[in-house]
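**Q** I need the structure of the sequence given here:
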Amino acid sequence: MQYGPDELPQIWDEMRRKINDLQPSLPQGVQGISIMDDFGDVYGMSLVLTGKAYTYPELKRFADFLSRELELVDGVGKVMITGDQQEQIFVEMSTDRLTALNLDSNTVVGLINQQNAVQDAGKVMVSGESLRLRPTGNMSSLEELENLIIHGRDTGKLIRLKDIADIKQGIVEEPQNLVLFNGEPALNIGISFASGVNVVEIGKAIHDRLVELDSEMPVGMSVDVFYDQSHEVANSVDGFIVSLAQAVGIVIIVLLFAMGLRSGLIIGLVLLLTVFGTFILMDYNKIELHRISLGALIIALGMLVDNAIVVVEGILVGIKKGLSKADAAIAIVKQTQWPLLGATVIAITAFAPIGLSQDATGEFMGSLFWVLCFSLFLSWVTALTITPFLAEKFLKDETSQVNEDDLYKALSSLCLRTPWYSRCALES
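**A** Residues are numbered from 1 along each chain as shown. Have a look, this model is predicted:
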(Lines give C-alpha, C1' and ligand atoms only; values in the text may rest on other atoms or scores of the structure.)
Protein backbone atom coordinates (compact mmCIF):
# COMPACT_ATOMS: atom_id res chain seq x y z
CA MET A 1 0.00 0.00 0.00
CA GLN A 2 1.28 3.45 -0.91
CA TYR A 3 0.79 6.44 1.37
CA GLY A 4 0.92 10.10 0.47
CA PRO A 5 3.34 12.49 2.18
CA ASP A 6 0.55 13.92 4.33
CA GLU A 7 -0.39 10.47 5.66
CA LEU A 8 3.10 9.29 6.61
CA PRO A 9 3.41 11.21 9.95
CA GLN A 10 0.30 9.48 11.25
CA ILE A 11 1.63 6.08 10.10
CA TRP A 12 4.95 6.68 11.89
CA ASP A 13 3.14 7.75 15.07
CA GLU A 14 1.03 4.60 15.05
CA MET A 15 4.12 2.44 14.60
CA ARG A 16 5.91 4.32 17.38
CA ARG A 17 3.03 3.69 19.81
CA LYS A 18 3.02 -0.03 19.05
CA ILE A 19 6.78 -0.29 19.52
CA ASN A 20 6.57 1.58 22.83
CA ASP A 21 3.95 -0.90 24.04
CA LEU A 22 6.47 -3.70 23.42
CA GLN A 23 9.36 -2.06 25.28
CA PRO A 24 8.64 -3.68 28.71
CA SER A 25 8.70 -7.17 27.18
CA LEU A 26 12.11 -6.80 25.54
CA PRO A 27 14.85 -9.18 26.75
CA GLN A 28 17.30 -8.00 29.38
CA GLY A 29 20.17 -6.05 27.90
CA VAL A 30 18.21 -4.65 24.96
CA GLN A 31 18.56 -0.89 25.09
CA GLY A 32 15.28 -0.20 23.37
CA ILE A 33 13.95 0.38 19.89
CA SER A 34 13.72 3.81 18.29
CA ILE A 35 11.99 4.83 15.09
CA MET A 36 13.69 7.50 13.00
CA ASP A 37 11.38 9.10 10.46
CA ASP A 38 13.26 12.36 9.85
CA PHE A 39 15.71 11.29 7.16
CA GLY A 40 14.16 13.81 4.78
CA ASP A 41 14.77 16.79 7.06
CA VAL A 42 17.07 19.43 5.59
CA TYR A 43 18.87 21.69 8.03
CA GLY A 44 18.72 25.05 6.33
CA MET A 45 20.74 26.88 8.97
CA SER A 46 23.81 25.75 10.88
CA LEU A 47 25.12 27.52 13.98
CA VAL A 48 28.33 26.78 15.89
CA LEU A 49 28.70 27.37 19.62
CA THR A 50 32.26 27.83 20.90
CA GLY A 51 33.90 28.73 24.20
CA LYS A 52 37.56 28.05 25.01
CA ALA A 53 37.11 28.20 28.77
CA TYR A 54 34.08 25.91 28.86
CA THR A 55 33.76 22.14 28.98
CA TYR A 56 31.52 20.14 26.69
CA PRO A 57 28.81 19.70 29.38
CA GLU A 58 28.75 23.47 29.92
CA LEU A 59 28.51 24.12 26.18
CA LYS A 60 25.80 21.48 25.93
CA ARG A 61 23.69 23.14 28.63
CA PHE A 62 23.68 26.47 26.81
CA ALA A 63 23.14 24.73 23.46
CA ASP A 64 20.06 23.04 24.94
CA PHE A 65 18.82 26.46 26.06
CA LEU A 66 19.33 27.89 22.56
CA SER A 67 17.59 24.86 21.07
CA ARG A 68 14.49 25.36 23.21
CA GLU A 69 14.33 29.07 22.39
CA LEU A 70 14.83 28.63 18.64
CA GLU A 71 12.19 25.91 18.44
CA LEU A 72 9.67 28.54 19.57
CA VAL A 73 10.35 30.65 16.46
CA ASP A 74 7.38 30.33 14.12
CA GLY A 75 8.36 28.25 11.10
CA VAL A 76 11.19 26.29 12.74
CA GLY A 77 10.64 22.56 12.39
CA LYS A 78 13.39 21.00 14.49
CA VAL A 79 16.69 21.90 16.14
CA MET A 80 19.40 19.25 16.48
CA ILE A 81 22.70 19.48 18.36
CA THR A 82 25.71 17.54 17.10
CA GLY A 83 29.34 17.36 18.16
CA ASP A 84 28.49 16.82 21.82
CA GLN A 85 30.92 14.46 23.48
CA GLN A 86 29.07 11.80 25.43
CA GLU A 87 29.77 11.57 29.13
CA GLN A 88 30.30 8.24 30.82
CA ILE A 89 31.23 6.83 34.21
CA PHE A 90 34.70 5.31 34.49
CA VAL A 91 35.05 2.53 37.09
CA GLU A 92 38.74 1.69 37.46
CA MET A 93 39.02 -1.34 39.74
CA SER A 94 42.18 -2.08 41.68
CA THR A 95 43.49 -5.60 41.15
CA ASP A 96 45.16 -5.59 44.57
CA ARG A 97 41.95 -4.67 46.36
CA LEU A 98 39.94 -7.27 44.46
CA THR A 99 42.50 -9.97 45.29
CA ALA A 100 42.52 -9.05 48.97
CA LEU A 101 38.73 -9.43 49.11
CA ASN A 102 38.69 -12.56 46.95
CA LEU A 103 36.63 -10.82 44.26
CA ASP A 104 36.99 -10.61 40.50
CA SER A 105 36.04 -7.90 38.06
CA ASN A 106 33.31 -9.98 36.38
CA THR A 107 31.46 -10.32 39.68
CA VAL A 108 31.53 -6.57 40.25
CA VAL A 109 30.37 -5.84 36.69
CA GLY A 110 27.52 -8.32 37.11
CA LEU A 111 26.40 -6.61 40.32
CA ILE A 112 26.41 -3.20 38.61
CA ASN A 113 24.37 -4.53 35.68
CA GLN A 114 21.96 -6.24 38.05
CA GLN A 115 21.46 -2.99 39.93
CA ASN A 116 20.45 -1.22 36.70
CA ALA A 117 18.22 -4.05 35.46
CA VAL A 118 14.44 -3.79 35.32
CA GLN A 119 13.03 -6.65 37.39
CA ASP A 120 9.54 -7.84 38.13
CA ALA A 121 8.82 -7.24 41.85
CA GLY A 122 5.35 -8.71 41.89
CA LYS A 123 2.02 -6.94 41.97
CA VAL A 124 -0.35 -5.23 44.36
CA MET A 125 -4.13 -4.90 44.37
CA VAL A 126 -5.43 -1.32 44.46
CA SER A 127 -9.20 -0.76 44.39
CA GLY A 128 -9.72 -4.10 42.75
CA GLU A 129 -7.10 -3.47 40.07
CA SER A 130 -3.82 -5.34 39.76
CA LEU A 131 -0.75 -3.11 39.44
CA ARG A 132 2.56 -4.71 38.48
CA LEU A 133 5.71 -3.40 40.18
CA ARG A 134 8.85 -3.01 38.11
CA PRO A 135 11.62 -1.23 40.07
CA THR A 136 14.39 0.00 37.79
CA GLY A 137 17.24 0.44 40.25
CA ASN A 138 18.56 3.28 38.10
CA MET A 139 21.16 5.47 39.76
CA SER A 140 20.72 9.21 39.53
CA SER A 141 24.09 10.38 40.86
CA LEU A 142 27.74 9.45 41.07
CA GLU A 143 27.44 9.10 44.85
CA GLU A 144 24.83 6.35 44.54
CA LEU A 145 27.17 4.34 42.35
CA GLU A 146 30.06 4.88 44.75
CA ASN A 147 27.95 3.56 47.63
CA LEU A 148 26.79 0.45 45.77
CA ILE A 149 27.08 -2.48 48.18
CA ILE A 150 29.35 -5.36 47.17
CA HIS A 151 29.18 -8.56 49.24
CA GLY A 152 32.49 -10.18 50.08
CA ARG A 153 32.68 -13.73 48.74
CA ASP A 154 34.19 -15.36 51.86
CA THR A 155 33.68 -12.98 54.74
CA GLY A 156 30.25 -11.74 53.74
CA LYS A 157 31.44 -8.29 54.64
CA LEU A 158 29.56 -5.41 53.02
CA ILE A 159 31.88 -3.41 50.84
CA ARG A 160 31.12 -0.24 48.94
CA LEU A 161 32.14 0.03 45.31
CA LYS A 162 34.30 3.07 46.07
CA ASP A 163 36.40 0.90 48.41
CA ILE A 164 37.65 -1.27 45.56
CA ALA A 165 37.49 1.10 42.57
CA ASP A 166 38.19 4.68 41.55
CA ILE A 167 34.99 6.13 40.11
CA LYS A 168 34.93 9.30 38.05
CA GLN A 169 32.83 10.96 35.40
CA GLY A 170 34.37 12.10 32.12
CA ILE A 171 34.18 12.35 28.35
CA VAL A 172 34.46 9.28 26.14
CA GLU A 173 38.02 8.79 24.97
CA GLU A 174 37.10 8.02 21.34
CA PRO A 175 34.33 10.41 20.26
CA GLN A 176 32.00 9.32 17.47
CA ASN A 177 31.92 12.81 15.97
CA LEU A 178 33.95 15.91 16.65
CA VAL A 179 33.12 19.46 15.56
CA LEU A 180 35.88 22.06 15.28
CA PHE A 181 35.36 25.70 14.34
CA ASN A 182 38.51 27.69 13.56
CA GLY A 183 40.44 24.97 15.37
CA GLU A 184 38.34 25.21 18.55
CA PRO A 185 36.04 22.48 19.92
CA ALA A 186 32.46 23.45 19.15
CA LEU A 187 28.89 22.24 19.06
CA ASN A 188 26.87 22.39 15.87
CA ILE A 189 23.23 23.50 16.10
CA GLY A 190 21.29 22.52 12.99
CA ILE A 191 17.91 24.15 12.32
CA SER A 192 15.39 22.65 9.92
CA PHE A 193 12.43 24.64 8.63
CA ALA A 194 8.81 23.54 8.70
CA SER A 195 7.15 22.49 5.47
CA GLY A 196 5.66 25.21 3.29
CA VAL A 197 7.26 28.23 4.99
CA ASN A 198 9.13 31.16 3.48
CA VAL A 199 12.78 30.33 4.12
CA VAL A 200 13.92 33.95 3.79
CA GLU A 201 11.43 35.21 6.39
CA ILE A 202 12.22 32.38 8.82
CA GLY A 203 15.95 33.05 8.47
CA LYS A 204 15.42 36.70 9.36
CA ALA A 205 13.27 35.72 12.37
CA ILE A 206 16.01 33.38 13.62
CA HIS A 207 18.67 36.08 13.29
CA ASP A 208 16.45 38.52 15.20
CA ARG A 209 15.92 35.95 17.96
CA LEU A 210 19.67 35.32 18.23
CA VAL A 211 20.23 39.05 18.71
CA GLU A 212 17.65 39.04 21.53
CA LEU A 213 19.34 36.04 23.19
CA ASP A 214 22.80 37.59 23.02
CA SER A 215 22.36 39.07 26.51
CA GLU A 216 21.74 35.56 27.89
CA MET A 217 25.01 34.19 26.55
CA PRO A 218 27.75 33.48 29.12
CA VAL A 219 30.92 35.53 28.85
CA GLY A 220 33.42 33.77 26.62
CA MET A 221 30.86 31.87 24.55
CA SER A 222 29.99 32.86 21.01
CA VAL A 223 27.45 31.74 18.41
CA ASP A 224 28.45 32.01 14.76
CA VAL A 225 26.39 31.30 11.65
CA PHE A 226 28.21 28.61 9.71
CA TYR A 227 25.62 28.18 6.95
CA ASP A 228 22.42 30.07 6.19
CA GLN A 229 20.20 28.75 3.43
CA SER A 230 17.94 31.81 3.65
CA HIS A 231 20.76 34.01 2.31
CA GLU A 232 21.42 31.53 -0.49
CA VAL A 233 17.72 31.45 -1.40
CA ALA A 234 17.43 35.25 -1.31
CA ASN A 235 20.47 35.68 -3.55
CA SER A 236 19.24 32.96 -5.89
CA VAL A 237 15.76 34.48 -6.20
CA ASP A 238 17.22 37.95 -6.74
CA GLY A 239 19.48 36.55 -9.45
CA PHE A 240 16.57 34.82 -11.17
CA ILE A 241 14.45 37.97 -10.99
CA VAL A 242 17.28 39.91 -12.64
CA SER A 243 17.53 37.19 -15.30
CA LEU A 244 13.77 37.35 -15.83
CA ALA A 245 13.87 41.13 -16.20
CA GLN A 246 16.75 40.85 -18.66
CA ALA A 247 14.90 38.21 -20.66
CA VAL A 248 11.77 40.37 -20.83
CA GLY A 249 13.87 43.34 -21.91
CA ILE A 250 15.59 41.33 -24.64
CA VAL A 251 12.25 40.05 -25.96
CA ILE A 252 10.83 43.58 -26.08
CA ILE A 253 13.93 44.95 -27.86
CA VAL A 254 13.74 42.18 -30.46
CA LEU A 255 10.04 42.92 -30.97
CA LEU A 256 10.77 46.61 -31.48
CA PHE A 257 13.21 45.82 -34.28
CA ALA A 258 11.22 42.99 -35.84
CA MET A 259 7.65 44.36 -35.56
CA GLY A 260 8.19 48.09 -35.61
CA LEU A 261 7.95 50.65 -32.83
CA ARG A 262 4.20 50.69 -32.25
CA SER A 263 3.62 46.96 -32.72
CA GLY A 264 6.64 46.11 -30.58
CA LEU A 265 5.49 48.37 -27.74
CA ILE A 266 1.99 46.87 -27.83
CA ILE A 267 3.27 43.28 -27.68
CA GLY A 268 5.85 44.20 -25.02
CA LEU A 269 3.16 45.81 -22.84
CA VAL A 270 0.94 42.75 -23.22
CA LEU A 271 3.91 40.56 -22.25
CA LEU A 272 4.47 42.58 -19.07
CA LEU A 273 0.78 42.36 -18.16
CA THR A 274 0.87 38.60 -18.70
CA VAL A 275 3.90 38.23 -16.43
CA PHE A 276 2.31 40.37 -13.70
CA GLY A 277 -0.93 38.40 -13.99
CA THR A 278 1.04 35.18 -13.62
CA PHE A 279 2.59 36.50 -10.40
CA ILE A 280 -0.90 37.23 -9.06
CA LEU A 281 -2.10 33.70 -9.86
CA MET A 282 1.05 32.24 -8.30
CA ASP A 283 0.42 34.16 -5.09
CA TYR A 284 -3.24 33.10 -5.04
CA ASN A 285 -2.27 29.44 -5.47
CA LYS A 286 0.53 29.64 -2.86
CA ILE A 287 3.33 29.07 -5.39
CA GLU A 288 6.48 30.66 -4.01
CA LEU A 289 9.14 32.47 -6.00
CA HIS A 290 11.99 29.99 -6.36
CA ARG A 291 14.25 28.62 -9.08
CA ILE A 292 11.67 26.27 -10.54
CA SER A 293 8.80 28.78 -10.74
CA LEU A 294 10.97 31.63 -12.03
CA GLY A 295 12.69 29.26 -14.44
CA ALA A 296 9.27 28.31 -15.80
CA LEU A 297 8.57 31.96 -16.59
CA ILE A 298 11.88 32.29 -18.39
CA ILE A 299 11.08 29.16 -20.41
CA ALA A 300 7.64 30.51 -21.28
CA LEU A 301 8.76 33.98 -22.39
CA GLY A 302 9.26 32.96 -26.00
CA MET A 303 5.78 31.41 -26.13
CA LEU A 304 3.97 34.21 -24.30
CA VAL A 305 4.33 36.61 -27.22
CA ASP A 306 3.17 34.18 -29.92
CA ASN A 307 -0.56 34.81 -29.50
CA ALA A 308 -0.13 38.58 -29.34
CA ILE A 309 2.11 38.56 -32.44
CA VAL A 310 -0.52 36.63 -34.41
CA VAL A 311 -3.26 39.09 -33.41
CA VAL A 312 -1.20 42.24 -34.09
CA GLU A 313 0.02 40.90 -37.43
CA GLY A 314 -3.56 40.02 -38.38
CA ILE A 315 -4.74 43.53 -37.54
CA LEU A 316 -1.95 45.02 -39.67
CA VAL A 317 -2.96 42.80 -42.59
CA GLY A 318 -6.60 43.88 -42.18
CA ILE A 319 -5.58 47.54 -42.19
CA LYS A 320 -3.62 46.96 -45.42
CA LYS A 321 -6.79 45.56 -46.96
CA GLY A 322 -8.64 48.76 -46.17
CA LEU A 323 -10.44 47.75 -42.98
CA SER A 324 -10.67 50.08 -40.04
CA LYS A 325 -8.63 49.21 -36.96
CA ALA A 326 -11.73 48.15 -35.03
CA ASP A 327 -13.06 45.96 -37.86
CA ALA A 328 -9.62 44.42 -38.41
CA ALA A 329 -9.31 43.63 -34.69
CA ILE A 330 -12.76 42.03 -34.53
CA ALA A 331 -12.13 39.99 -37.65
CA ILE A 332 -8.76 38.60 -36.55
CA VAL A 333 -10.05 37.74 -33.06
CA LYS A 334 -13.00 35.80 -34.50
CA GLN A 335 -10.72 34.09 -36.99
CA THR A 336 -7.91 33.03 -34.64
CA GLN A 337 -9.40 32.66 -31.15
CA TRP A 338 -9.99 28.90 -31.32
CA PRO A 339 -6.84 27.97 -33.26
CA LEU A 340 -4.78 29.98 -30.78
CA LEU A 341 -6.54 28.27 -27.88
CA GLY A 342 -5.77 24.88 -29.39
CA ALA A 343 -2.10 25.76 -29.81
CA THR A 344 -1.98 27.06 -26.22
CA VAL A 345 -3.58 23.89 -24.83
CA ILE A 346 -1.11 21.74 -26.78
CA ALA A 347 1.82 23.72 -25.35
CA ILE A 348 0.42 23.34 -21.82
CA THR A 349 -0.26 19.63 -22.32
CA ALA A 350 3.38 19.06 -23.28
CA PHE A 351 4.36 19.85 -19.67
CA ALA A 352 1.42 18.04 -18.04
CA PRO A 353 3.32 14.79 -17.26
CA ILE A 354 5.71 16.79 -15.08
CA GLY A 355 3.06 18.61 -13.09
CA LEU A 356 0.61 15.72 -12.72
CA SER A 357 3.20 13.12 -11.76
CA GLN A 358 2.46 11.43 -8.43
CA ASP A 359 6.08 10.70 -7.52
CA ALA A 360 8.97 12.91 -6.45
CA THR A 361 9.15 14.48 -9.92
CA GLY A 362 5.70 16.01 -9.54
CA GLU A 363 6.41 17.16 -6.01
CA PHE A 364 9.67 18.85 -6.98
CA MET A 365 8.82 20.11 -10.49
CA GLY A 366 5.07 20.63 -10.13
CA SER A 367 5.36 24.42 -10.02
CA LEU A 368 7.02 24.35 -13.45
CA PHE A 369 3.84 22.99 -15.01
CA TRP A 370 1.44 25.26 -13.14
CA VAL A 371 3.39 28.45 -13.84
CA LEU A 372 3.56 27.55 -17.53
CA CYS A 373 -0.15 26.74 -17.48
CA PHE A 374 -1.09 30.06 -15.87
CA SER A 375 1.18 32.18 -18.06
CA LEU A 376 0.27 30.55 -21.38
CA PHE A 377 -3.45 30.69 -20.67
CA LEU A 378 -3.14 34.35 -19.66
CA SER A 379 -1.24 35.06 -22.88
CA TRP A 380 -4.21 33.70 -24.83
CA VAL A 381 -6.68 35.82 -22.82
CA THR A 382 -4.65 39.02 -23.15
CA ALA A 383 -4.05 38.40 -26.86
CA LEU A 384 -7.82 38.33 -27.49
CA THR A 385 -8.75 41.21 -25.17
CA ILE A 386 -6.00 43.69 -24.32
CA THR A 387 -4.03 43.33 -27.56
CA PRO A 388 -6.93 44.34 -29.89
CA PHE A 389 -7.78 47.23 -27.57
CA LEU A 390 -4.22 48.58 -27.60
CA ALA A 391 -3.91 48.00 -31.35
CA GLU A 392 -7.10 49.97 -32.02
CA LYS A 393 -5.78 52.84 -29.90
CA PHE A 394 -2.16 53.07 -31.03
CA LEU A 395 -1.73 51.56 -34.50
CA LYS A 396 -1.83 53.90 -37.48
CA ASP A 397 -4.53 53.81 -40.13
CA GLU A 398 -2.23 54.69 -43.03
CA THR A 399 -1.12 51.60 -44.85
CA SER A 400 2.02 53.29 -46.12
CA GLN A 401 3.29 53.92 -42.59
CA VAL A 402 2.55 50.56 -41.05
CA ASN A 403 5.87 48.98 -42.05
CA GLU A 404 8.11 52.03 -42.02
CA ASP A 405 10.11 50.66 -39.08
CA ASP A 406 9.97 47.08 -40.20
CA LEU A 407 13.47 45.64 -39.74
CA TYR A 408 12.51 42.52 -41.66
CA LYS A 409 11.76 44.57 -44.77
CA ALA A 410 15.06 46.42 -44.52
CA LEU A 411 17.05 43.23 -44.05
CA SER A 412 15.26 41.52 -46.95
CA SER A 413 16.05 44.44 -49.26
CA LEU A 414 19.69 44.40 -48.18
CA CYS A 415 19.99 40.67 -48.86
CA LEU A 416 18.42 41.04 -52.31
CA ARG A 417 20.78 43.86 -53.24
CA THR A 418 23.90 41.99 -52.09
CA PRO A 419 23.24 38.27 -52.72
CA TRP A 420 26.97 37.33 -52.77
CA TYR A 421 27.66 38.81 -49.33
CA SER A 422 24.45 37.33 -47.93
CA ARG A 423 25.45 33.86 -49.16
CA CYS A 424 28.92 34.17 -47.65
CA ALA A 425 27.43 35.28 -44.33
CA LEU A 426 25.06 32.29 -44.22
CA GLU A 427 27.78 29.78 -45.15
CA SER A 428 30.18 31.16 -42.54
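
**Q** contacts, neighbours, all on C-alpha from now
**A** Noted.

**Q** could you chop the chain up by domain?
**A** Listed domain ranges for the chain are 8-83+185-229, 87-119+134-171, 260-397 (source: automatic domain parsing).

**Q** and the ones you listed, which one is worst for confidence?
**A** Ranked by mean pLDDT, the domains of the chain end with domain 87-119+134-171 at the bottom, a mean of 71.

**Q** what is the end-to-end distance of it?
**A** From its first residue to its last, domain 87-119+134-171 covers 5 Å (Cα to Cα, to the nearest Å).

**Q** picking that back up, quick one, which of the domains of the chain is packed in tightest?
**A** By mean neighbour count, with neighbours taken as mean count of other Cα atoms under 10 Å, domain 260-397 ranks first of the domains of the chain at a mean of 19.

**Q** how about the helices in the stretch 201-350 of the chain?
**A** Taking DSSP state H, counting those that start in this stretch as the criterion, the stretch 201-350 of the chain carries its helices at 229-259, 261-284, 291-304, 306-320, 325-350.

**Q** can I get those helices in JSON lines including distance to Ile11?
**A** Compiled in JSON lines, those are given as follows (distance: least, Cα to Cα, whole Å):
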{"stretch": "helix 229-259", "distance to Ile11": "30"}
{"stretch": "helix 261-284", "distance to Ile11": "31"}
{"stretch": "helix 291-304", "distance to Ile11": "31"}
{"stretch": "helix 306-320", "distance to Ile11": "49"}
{"stretch": "helix 325-350", "distance to Ile11": "35"}
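
**Q** so which of the ones you listed gets nearest Pro57?
**A** With Cα to Cα as the measure, helix 229-259 is the member of these nearest Pro57 (28.8 Å).

**Q** go ahead and confirm Glu87 touches Gly170.
**A** Yes - Glu87 is in contact with Gly170 according to Cα atoms under 8 Å; the separation is 5.5 Å.

**Q** can you add distance to Val251 and give the domains of the chain back as JSON lines?
**A** Shown next, in JSON lines, are these (distance: least, Cα to Cα, whole Å):
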{"stretch": "domain 8-83+185-229", "distance to Val251": "30"}
{"stretch": "domain 87-119+134-171", "distance to Val251": "64"}
{"stretch": "domain 260-397", "distance to Val251": "8"}
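
**Q** these: which one's closest to Val248?
**A** Distances from Val248 to each of the domains of the chain were compared using Cα to Cα; the minimum, 7.2 Å, belongs to domain 260-397.

**Q** which ones are touching the nearest residue to Gly264 once chain neighbours are set aside?
**A** Closest residue in space to Gly264, ignoring its immediate chain neighbours: Leu256 at 4.3 Å, by Cα to Cα, 6 or more residues apart in numbering. Taking Cα atoms under 8 Å, 6 or more residues apart in numbering, we find Leu256 in contact with Arg262, Ser263, Gly264, Leu265.

**Q** closest to Lys52 among those residues?
**A** Sorting the contacts of Leu256 by how near they are to Lys52, with Cα to Cα, puts Leu265 at the top with 65.0 Å.

**Q** from Ser222, how far out is the spatially closest residue to Gly220 that is not a sequence neighbour?
**A** Spatially, and ignoring its direct neighbours in sequence, Gly220 is nearest to Gly51 (5.6 Å; Cα to Cα, 6+ apart). Remark: distance between Gly51 and Ser222 (Cα to Cα) = 7 Å.

**Q** and if you look at Lys52?
**A** As defined by Cα to Cα, Lys52 lies at a distance of 10 Å from Ser222.

**Q** follow-up on the earlier one: quick one: the residue nearest to Gly264 and Val211, what's the gap?
**A** 52 Å.
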